[in-house]
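Undergrad: only the shape, not the letters, is given here:
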């Protein structure tokens, strides 16, 4: 498994989790199921954006 630490500044997204998820799905469709190095970097960025935009659920006590 490959782990990278980003040195770029993250810009807060105004998009909803659904919008980001649709972009992730489109990326996979365009790639034919195999991501290039550049596409993997885009995918990682999108997943992080999605995680920030996704509604947070309360943890069980």
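TA: Cool, the structure landed. As the structure is a computational prediction, the values presented were derived from the model and not from experiment.
Undergrad: where does residue 14 land in three-state SS?
TA: Secondary structure state of residue 14, per DSSP: H, G, I helix; E, B strand; the rest coil, is coil.
Undergrad: what's the single longest helix in the protein?
TA: The helix that spans the most residues within the chain, counting by DSSP state H, is helix 37-53.
Undergrad: who are the packing partners of that helix?
TA: helix 17-31 (3 or more Cβ pairs under 8 Å, 6 or more residues apart in numbering; DSSP states H and E). C-betas here are computed from N, CA, C, even on glycine.
Undergrad: and the residue nearest the centre of this protein?
TA: A centroid search over the chain (Cα atoms, centre = their mean) returns residue 47, at 1.7 Å, as the residue closest to the centre.
Undergrad: can you read off the pLDDT for the spatially closest residue to that residue that is not a sequence neighbour?
TA: Beyond its immediate neighbours in the sequence, the residue positioned closest to residue 47 (Cβ to Cβ, 6 or more residues apart in numbering) is residue 24, lying 7.0 Å away. At residue 24, the model reports a pLDDT of 97.
Undergrad: now do the contacts for residue 24.
TA: By Cβ atoms under 8 Å, 6 or more residues apart in numbering, the residues touching residue 24 are 43, 46, 47, 50.
Undergrad: how many neighbours does residue 56 have?
TA: By other Cβ atoms under 10 Å, the residues close to residue 56 number 7.
Undergrad: want to throw the contacts of residue 24 into CSV with pLDDT and distance to residue 19?
TA: Below are the contacts of residue 24 laid out as CSV (pLDDT from 0 to 100; distance: Cβ to Cβ, whole Å):
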residue, pLDDT, distance to residue 19
43, 97, 16
46, 97, 10
47, 97, 14
50, 96, 9
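Undergrad: and those residues, which of them are buried?
TA: For those, a neighbour count by 16 or more other Cβ atoms under 10 Å gives the buried set as 43, 46, 50.
Undergrad: and the residue nearest to residue 15 when sequence neighbours are not counted, what does it touch?
TA: Setting aside the residues directly before and after it, residue 15 is nearest to residue 53 in space (Cβ to Cβ, 6+ apart), at 6.2 Å. Taking Cβ under 8 Å, 6+ apart as the contact definition, residue 53 lies against 13, 15, 16, 17, 19, 20.
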